[in-house]
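J.: sequence first, predicted model second:
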Amino acid sequence: MLAQRISSINSISALCEATGADVQQVARAIGMDSRIGSKFMNASVGFGGSCFQKDILNLCYVCESVGLKEVADYWIKVVTMNDYQKQRFVERVISAMFNTVARKRLAIFGFAFKKDTGDTRETPAIDVCRGLLADGAKCVVYDPKVTPIQV
């Protein structure tokens with residue numbers, strides 16, 4: 001984990017050098033985000049929401065536009081790993097259900113991308129449900145904060 005964090009800030013330092021930004025200021029700003037730390041070190045189905053993937057892809061674009069292909073490739077792998085985690089979750093569910101969910105009714109408890117919101121933008125639940133539906137499942141979604149039209 002520490003190696004990954006060092007690699008992340010090193011990739012940002014390359015971008016800072018290429019654009020004239022001060023990596024110390026950027027690192028300080030990143031460190032002010034309370035979500036970066038031990039309380040968010042919980043495995044999950046993957047990240048969602050309207051910002052993370054969009055912001056990562058924008059970062060990749062900026063890196064590529066200043067000639068930092070390796071840095072862009074590093075960050076695109078974050079998106080790839082997120083997609084892999086969602087697919088892995090679907091495969092584990094199917095495996096636990098005797099290798100098929102065809103014609104099985106599955107309850108999906110929670111659809112928003114984070115608790116206590118009705119925000120379903122880029123929620124991992126979309127890809128999970130698609131994967132289960134592709135295997136023939138009938139998904140029944142319950143989320144008290146999400147309207148049926150959002151599902």
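T.: Done, it's in.
J.: centre-most residue in this protein?
T.: When CA atoms, centre = their mean is applied to the chain, the residue found nearest the centroid is residue 47 (2.7 Å).
J.: where does it sit: helix, strand or coil?
T.: Reduced to three states with DSSP: H, G, I helix; E, B strand; the rest coil, the structure at residue 47 is coil.
J.: which residues does it contact?
T.: Neighbour list for residue 47: 53, 82, 113, 124 [criterion: CB atoms under 8 Å, 6 or more residues apart in numbering]. No exception for glycine: its C-beta is placed from N, CA and C like everyone else's.
J.: ok, now how distant is it from residue 140?
T.: From residue 47 across to residue 140, the span is 24 Å (CB to CB, to the nearest Å).
J.: cool, and residue 63?
T.: When distances are taken as CB to CB, residue 63 and residue 140 turn out to be 42 Å apart.
J.: neighbour count: these two, which is higher?
T.: When residue 63 is set against residue 140 and neighbours are counted by other CB atoms under 10 Å, the residue ahead is residue 63, at 24 against 11.
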